[in-house]
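Novice: just need the structure, nothing else, for what follows:
(chains A and B)
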Amino acid sequence: MAVSFNVVFSSIRLKRICFVIAAELESRGYKITGGGGRLPEEYLRPLGGGRRGGSYPDITATHPNYPTLRINTVDVLKNGVTPTARELRNAVRIRAQIGPGKHLILIPKI
Amino acid sequence: MFFTVLEDVEKIIRDIEASVDIAYYNTGLLDSRNVPKYNSIFDAPNVGIVFSGDWNRIDDYLVMKKNISLIIREVPQRAGGVKFAVDQLFNPKSIALKLGGIYQEKGSVIVAGRVGTVSEDRDSNELYKLFATKIKKEFRRIGAFYVGKEAEGKLKVGWRLVTDDQSPKEYDLKLS
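Specialist: Okay, the predicted model is just below:
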């Protein structure tokens, strides 16, 4: 099946967004440990094991003085801010998977 | 992604090192350009042992053929000064490897490792396949992870197999 131009363009744009965010984090002393075009994305295990329900945050970063940070780029509604229902469900799942004291930041894909 | 103790992975890596001339470099955002380089993973300090329960905070290596030079990125810091990044971004012929291992401080905890690549370069993919094929062959798949024989034995007697020991225990690896 042919991949549409929109899909390819969205993928390139997403990579660029992640690249820029990762660069900003690095300039603030964060080490990118997953994603951002620098290293393979981190895998977050699903509750109860198995293979379904795992997550791959777009960027995972650590800092010597701060908790581990995960960043996910998300589709948003027309208001440009509110994540779609699907993205919210994913965020809730990731929030549970990363445990207490760790940060998850959602950034609009636009 | 896998769980291993040193005994599980030693032969696999020695076989790979015997067949391909590779070097290992610590990844990260470093304070200097002096990036540690190892001709064998067993020359690196504390192989098989980790000092954090979070697999994002354990030793991670770039692996590439010895005849390829490592490219180090300069990262100017907002707070002043420069740090030096070692990762796959400017090293497309590499793969990323973290072995994980026993979390010595806690005991009875094994932190996961991973081999992977974000590169589409042929050299990178060949190296990745070399590691992945051997791990898949020797280890048993449990859920999304491959588990070495010794690590599985420890799981059976109650050790925790984790990606982050601070995550709820419901996320630990369980025998299916």
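Novice: residue closest to the middle of chain B?
Specialist: With distances taken as Cα atoms, centre = their mean, residue B:98 lies nearest the centre of chain B, 0.7 Å away.
Novice: tell me if I'm right that it and residue B:56 touch.
Specialist: No: when contacts are counted by Cβ atoms under 8 Å, residue B:98 is not listed as touching residue B:56 (9.3 Å). C-betas here are computed from N, CA, C, even on glycine.
Novice: and the helix or strand of chain A with the lowest mean pLDDT, what does it pack against?
Specialist: Between all helices and strands in chain A, the lowest mean by mean pLDDT, DSSP states H and E belongs to helix A:5-27, at a mean of 80. Applying 3 or more Cβ pairs under 8 Å, 6 or more residues apart in numbering or on different chains; DSSP states H and E, one finds that helix A:5-27 makes contact with strand A:31-35, strand A:59-62, strand A:69-74, strand B:73-76.
Novice: residue nearest the centroid of chain A?
Specialist: residue A:72 (2.3 Å).
Novice: nearest residue to whichever residue of chain B sits closest to chain A other than its sequence neighbours?
Specialist: For chain B, the residue closest to chain A is residue B:116, as judged by Cβ to the nearest Cβ, at 3.3 Å. Closest residue to residue B:116 apart from its sequence neighbours, by Cβ to Cβ, 6 or more residues apart in numbering or on different chains: residue A:40 at 3.3 Å.
Novice: just the pLDDT at the one you found, thanks.
Specialist: According to the prediction, residue A:40 has pLDDT 95.
Novice: what residue in chain A comes nearest to chain B?
Specialist: Closest point on chain A to chain B, by Cβ to the nearest Cβ, is residue A:40, at 3.3 Å.
Novice: quick one: contacts for that residue?
Specialist: For residue A:40, the contact set (Cβ atoms under 8 Å, 6 or more residues apart in numbering or on different chains) comprises A:34, B:96, B:114, B:116, B:117, B:118.
Novice: and of those residues, the nearest to residue B:104?
Specialist: When the contacts of residue A:40 are compared for distance to residue B:104 (Cβ to Cβ), residue B:114 wins out at 19.7 Å.
Novice: my guess is that closest one meets residue B:98, correct?
Specialist: Yes: in this structure residue B:114 lies within contact range of residue B:98 using Cβ under 8 Å: 5.4 Å.
Novice: tell me the pLDDT of residue A:72.
Specialist: On the pLDDT scale, residue A:72 gets 92.
Novice: buried stuff in the helix ranked longest in chain B?
Specialist: Assignment by DSSP state H gives helix B:122-138 as the longest helix of chain B. Neighbour-count burial for helix B:122-138 flags B:123, B:124, B:127, B:128, B:130, B:131, B:132, B:134, B:135, B:138 (criterion: 16 or more other Cβ atoms under 10 Å in any protein chain shown).
Novice: is it true that the fifth one touches residue B:16?
Specialist: Yes: using Cβ under 8 Å, residue B:130 makes contact with residue B:16 at a distance of 5.8 Å.
Novice: on that earlier part again, got the buried residues of helix B:122-138 as TSV, with pLDDT and distance to residue B:81 columns?
Specialist: Shown next, in TSV, are the buried residues of helix B:122-138 (pLDDT from 0 to 100; distance: Cβ to Cβ, whole Å):
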residue	pLDDT	distance to residue B:81
B:123	96	33
B:124	97	31
B:127	97	33
B:128	97	34
B:130	96	38
B:131	96	35
B:132	96	38
B:134	95	41
B:135	95	39
B:138	94	44
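Novice: between these, which sits nearest residue B:78?
Specialist: Checking the buried residues of helix B:122-138 one by one against residue B:78 (Cβ to Cβ), the nearest turns out to be residue B:124, at 31.5 Å.
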